[in-house]
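J.: give the three-dimensional model of this entry:
(one chain, ligands or ions: 1)
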Amino acid sequence: MALARVYMDWNATAPLMAEARHAMIDAFALPGNASSVHAEGRAARAAVEKARRHVAALVGAEPAHVIFTSGATEAINHVLTPDFRMGRSPLQVSRLYASAIEHSAVREGGRFATEQICRFAATRSGVVDLEALEQSLAGHDRSAGPPMVALMLVNNETGVIQPVSEAAQIVRRFGGLLIVDAVQAVGRIPVDIAALDADFLILTSHKIGGPKGVGALVARGEALMPAPLIRGGGQEKGHRSGTESFHAIIGFAAAAEAALEGLGERISEISRLRDDLEAGMLAAASDVIIHGRGVDRVANTCFFSLPGLKSETGQIAFDLEGIAISAGSACSSGKVGQSQVLTAMGFEQEIGGLRISLGPTTTRDDVAATLAAFKKISDRRRPAGEAA
Ligand code: PLP
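T.: The predicted structure follows:
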């Protein structure tokens, strides 16, 4: 009999939720192009604009400030650019300051040249070091243009919530722009663009139960906008050309609507499950290191290291036990790379990180199965230093 699978990798991607699937199936019946003026086109346009309202509501933004993209990576590459317009005037940003724990899409720096990118550090608990940010900005040469700071709201590996509004106060003092990758935050904690004082937020649909390959760049206003990344037919008010990915946008909006509903209760339920899991892990292996435990984390994530267990070995061992977890962030090749986040937190290269991430449909039985696998794998570990 095939082993029952348990999916505990929601930070990699969330299974498509029924609301999104149903909304997309209905949308497949609409034939029009949202840019056409006839009735079919207008019906498609109305559906896209309704979707825009739902995505905007997820982060307290104005619908007019939501630009649909092919996902977070595109939105990041769109906004991480030196070329902006402030109203009708060009505005040149001279440097990008990105935290050392950003997702690789941000760490790559978008359209900035390598020499224009600076990093600021994180502490051992996985929270960015705001003093390091302040020091970097204090050395910024304003005469060349304002600085841009990129700081994620929730780290994809540790689940640690970053002090974005505190960072915003520092960024404002130095006249900079603040870009916030909120990909792992929406649907896990309340997110409000104004409360964060961010200039732009990055979103993606597939982490909240929507389809893959759609996301958004959300702006605080309309005055300050990055140069388009994709030019052509002028869709999305010229900010992102190309016929909208209509069905995916409809699915994204349905997931966004569902993500807001009952968020508080969902957080409590998931954190109860995660806390039970972690209590069981600590009881089973006293040397397990659960990263970010002493600081604010989202409720669904448990990022841990077991001394003597490599990430790759651990991930495969869980998979063989029927549990899908991840080694922090996997490269597109499927190979497990060294966790840049653990390195940024000051951990040795040899320590492996494994991430268990829960979602709205995770059950007590899923947690029990994961814990049983954890115990087995932990007990099987070769004591550190023992020869192979
Ligand atoms: N930012 C964070 C924090 C992520 O976790 C991810 C996905 O893993 C991305 C950006 C990239 O998202 P997308 O797959 O939509 O390009």
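
J.: who's in contact with Glu40?
T.: Glu40 makes contacts with 30-33, as judged by C-beta atoms under 8 Å, 6 or more residues apart in numbering. Quick note: C-beta positions are derived from backbone N, CA and C, even for glycine.

J.: mind doing that once more with 6 Å?
T.: The neighbours of Glu40, taking C-beta atoms under 6 Å, 6 or more residues apart in numbering as the test, are 31-32.

J.: tell me which residues in the host helix or strand of it are buried?
T.: Element membership for Glu40, per DSSP states H and E: helix 39-58. For helix 39-58, burial by neighbour count (16 or more other C-beta atoms under 10 Å) applies to 41, 44-45, 47-48, 51-52, 54-56, 58.

J.: next one: it to chain centre, how far?
T.: Distance of helix 39-58 from the chain centroid (C-alpha atoms, centre = their mean, to the nearest Å) equals 24 Å.

J.: is the worst-scoring helix or strand of the chain on mean pLDDT anywhere near the ligand?
T.: Here the helix or strand of the chain ranked lowest by mean pLDDT, DSSP states H and E is helix 340-344, holding a mean of 89. No: using C-beta under 6 Å from any ligand atom, helix 340-344 never reaches the ligand; the gap is at least 10.5 Å.

J.: at the geometric centre of the chain, which residue sits there?
T.: With distances taken as C-alpha atoms, centre = their mean, Val183 lies nearest the centre of the chain, 2.8 Å away.

J.: run the chain-centre distance for the least confident helix or strand of the chain.
T.: The answer for helix 340-344 is 16 Å, by C-alpha atoms, centre = their mean.

J.: what do you get for stretch 353-372?
T.: For stretch 353-372 - counting by C-alpha atoms, centre = their mean - the centre lies 20 Å from the chain centre.

J.: number the chain from 24, please
T.: Yep, numbering from 24; the last one is stretch 376-395 now.

J.: quick check: end-to-end length of that stretch?
T.: Stretch 376-395 has an end-to-end distance of 19 Å (C-alpha to C-alpha, to the nearest Å).

J.: contact partners of that stretch?
T.: Contacts to stretch 376-395, defined as C-beta under 6 Å, 6+ apart, come from residues 29, 31-34, 37, 180, 289, 293, 296-297, 300, 303, 323-328, 334, 337, 346, 348-351, 362, 365.

J.: same thing with stretch 306-319?
T.: Applying C-beta under 6 Å, 6+ apart, the external contacts of stretch 306-319 come out as 148-150, 181, 183-184, 301, 304, 326-330, 398, 401.

J.: of these, just the buried ones, PyMOL syntax please.
T.: Buried residues among the contacts of stretch 306-319 (16+ other C-beta under 10 Å), as a PyMOL selection:
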select buried, resi 149+150+181+183+184+301+304+326+327+328+329+401
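
J.: return the residues of this structure in contact with the ligand.
T.: Residues of the chain found near the ligand (C-beta under 6 Å from any ligand atom) are 94-96, 126, 128, 175, 179, 204, 206-207, 227, 238.

J.: now for these: which two are most distant?
T.: Farthest-apart pair in those is Gly94 and Met175; separation 15.4 Å (C-beta to C-beta).

J.: more neighbours, these two?
T.: Met175 (25 against 22; other C-beta atoms under 10 Å).

J.: which residues in the stretch 274-411 of the chain form helices?
T.: All helices of the stretch 274-411 of the chain, identified by DSSP state H, counting those that start in this stretch, fall at 286-307, 334-343, 363-367, 387-403.

J.: go through the last one and flag the buried ones.
T.: Put plainly, it is helix 387-403. 389-390, 392-394, 396-397, 400-401.

J.: quick one, that helix and helix 334-343 angle?
T.: 130 degrees (axes from the mean of the first three to the mean of the last three C-alpha atoms, to 10 degrees).

J.: circling back: quick one: the residues of the chain next to the ligand as CSV, columns for pLDDT and secondary structure too.
T.: As requested, the residues of the chain next to the ligand are exported to CSV (pLDDT from 0 to 100; DSSP: H, G, I helix; E, B strand; the rest coil):
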residue, pLDDT, secondary structure
Gly94, 98, coil
Ala95, 98, helix
Thr96, 98, helix
His126, 97, coil
Ala128, 97, helix
Met175, 98, coil
Asn179, 97, coil
Asp204, 98, strand
Val206, 98, coil
Gln207, 98, coil
Thr227, 98, strand
Gly238, 98, strand
